[in-house]
Each structure stands twice: as C-alpha cells, then as structure tokens.
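In: What follows is a protein structure lacking sequence information:
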C-alpha cells in the first residue's frame with residue numbers, strides 16, 4: 001500500500017489493500033510487444049506448415065496476441081480525474097491482470113514446444129544432404145526457464161493477483177500454472193496431443209476464471225475503498 005493512502009476507513013475498519021499505482025504508459029508499451037511478437041510467430045507457423053504439426057503453439061500464441069489487445073482496452077480506461085468512477089480507477093490493474101494471466105502465461109506455455117518445432121521441424125527447413133541429426137538434449141529446455149522469473153514475479157508480491165486473492169490461494173494458482181505448463185509440454189513431447197489439448201484447455205479456462213474474478217474483485221475493492229475512505233484534507 002502506498003504511504004499516502006489511509007489505512008482505516010471512516011467506520012473504523014481496515015480499508016482494502018489495493019495494488020500500488022502503476023504507470024499505464026508502461027503497460028501500454030507491453031501491449032504492443034505482446035500483440036506483435038506472439039502474433040508474428042503464429043503467422044510464421046501458419047504460413048510455413050500445417051498448424052496441427054505444432055501442437056497447441058499456434059492457438060496459445062494467437063490467444064496471447066488477442067488478449068494483449070483486450071488488456072490494452074482495460075488500461076486505456078484508467079482515469080484519476082474528477083469524473084472517474086470505480087471501474088476507470090482500476091483500469092490499469094485490470095489490464096495488468098489480463099496481460100499477466102491471459103497473455104504472458106499462454107506465451108510462456110507455447111515457448112518450449114515452439115522452440116522444439118523451430119529447431120527440428122522439416123516444415124520450416126529441409127535437412128542438408130549428409131547432415132547428421134544432433135539432439136539438442138536438455139538445452140531445449142533453456143527457453144522454458146522464462147517460467148522461473150515469472151513465478152518469482154507472481155509469488156514475491158509483484159503480480160496483480162497477489163492483491164486479489166489470499167496468499168495460499170495465490171500459491172495454489174501459480175503452482176497449478178507451473179504444473180500444467182510442465183505436464184502439457186511432456187504430453188507434447190510424448191505425442192499425446194489429446195492430453196496436451198486437455199491440459200492446455202484447463203490452463204486457459206483457469207486463467208480466464210481468475211481474470212474474471214480478479215477484475216470484479218478489484219472493482220468491488222475500489223468501490224469499498226471509495227465509500228469508506230476518509231475525506232482528503234483541503235490544502
């Protein structure tokens with residue numbers, strides 16, 4: 001909580017702990033990155049081969065790109081002027097929640113299988129005559145390491161979800177994210193595409209439900225805060 005925010009409401013009860021004030025311009029720049037990067041990669045895969053050859057990568061990349069636009073819509077509603085309402089005051093937080101869970105999580109989930117396809121797929125490049133197949137081995141998991149700083153971001157209190165749910169629930173959600181991403185990649189490498197699709201579907205549904213709950217919760221917290229916040233002293 002920011003230092004200048006009151007902690008106790010007019011009724012003597014603690015006020016909701018809202019996320020810190022965030023610069024909407026930074027999130028707007030992130031919208032552009034998350035729109036163009038996954039979208040370009042998805043179009044590359046669609047143009048060079050059969051979409052089914054890339055597992056769920058194309059669907060996840062397209063979801064990440066589309067969710068970035070939706071996140072940008074929320075960020076664009078942010079307002080602190082006199083005419084602002086409860087919804088506009090949580091615009092940046094709601095947009096951050098969409099970007100974190102419906103843009104970043106699908107993108108991270110798609111990266112390991114995407115790298116495997118880019119490195120090994122004959123749809124993207126033909127093998128040179130006399131070339132020897134060399135397995136990349138454990139180095140294929142290097143791109144998947146992006147999940148670790150994301151987990152730190154979420155569990156160390158930087159993520160928007162941290163302010164919406166309790167600490168145990170936040171841990172459960174993020175451990176579930178990690179487990180589903182790992183399980184879906186294992187299913188992909190084993191060729192169990194039906195299981196992969198089910199796991200990814202469960203991940204996306206969970207993220208969608210978390211985003212919906214989070215946005216409504218943020219709005220309710222802001223409304224409660226505005227209603228019980230002590231009036232500001234006139235300068």
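Out: Nice, thanks for sending it over. Since this is a predicted model, take the numbers as computed values, not measurements.
In: CA atoms for contacts and neighbours, from now on please.
Out: Will do.
In: now the helices: where do they sit in the protein?
Out: Under the criterion DSSP state H, the chain contains helices at 24-48, 57-76, 86-89, 91-98, 105-120, 147-155, 167-189, 193-228.
In: most neighbours per residue, which of these?
Out: Greatest average neighbour count among the helices of the chain goes to helix 91-98 (a mean of 28), per mean count of other Cα atoms under 10 Å.
In: and the angle for that helix with helix 193-228?
Out: On the basis of axes from the mean of the first three to the mean of the last three Cα atoms, to 10 degrees, helix 91-98 is oriented at 160 degrees to helix 193-228.
In: If you count contacts, what does helix 91-98 end up packed against?
Out: Packing contacts for helix 91-98, counted by 3 or more Cα pairs under 8 Å, 6 or more residues apart in numbering; DSSP states H and E, involve helix 24-48, helix 57-76, helix 193-228.
In: for it, what is the average pLDDT?
Out: The pLDDT scores in helix 91-98 average 93.
In: got the contact list for it?
Out: 19, 22-24, 27, 67-68, 70-79, 159-161, 211, 214-215, 218 (Cα atoms under 8 Å, 6 or more residues apart in numbering).
In: And stretch 58-69, by the same measure?
Out: 31-32, 34-39, 41-42, 45-46, 51, 98-99, 102-107, 109-110.
In: How about stretch 148-159?
Out: Here stretch 148-159 makes contact (Cα under 8 Å, 6+ apart) with 97, 100, 160-162, 170-171, 174.
In: Apply 7 Å and report the result again.
Out: For stretch 148-159, the external contacting residues (Cα atoms under 7 Å, 6 or more residues apart in numbering) are 171, 174.
In: pLDDT of it, averaged?
Out: 92.
In: what's the closest of the helices of the chain to residue 12?
Out: helix 193-228 (9.1 Å; Cα to Cα).
In: what bits of the chain have low per-residue confidence?
Out: The model of the chain has pLDDT under 70 over residues 1-3, 47-55, 81-83, 119-140, 231-235.
In: can we see that at 90?
Out: Within the chain, the stretches with pLDDT under 90 are 1-25, 34-59, 61-62, 76-91, 110-146, 157, 185-194, 196, 222-235.
In: coming back round to it: so which of the helices of the chain comes closest to residue 11?
Out: Proximity to residue 11 (Cα to Cα) singles out helix 193-228 among the helices of the chain, at 6.9 Å.
In: distance between stretch 93-107 and the chain's centre?
Out: 3 Å (Cα atoms, centre = their mean, to the nearest Å).
In: Check stretch 190-199 too.
Out: Stretch 190-199 has its average C-alpha position 22 Å from the chain's average C-alpha position, going by Cα atoms, centre = their mean.
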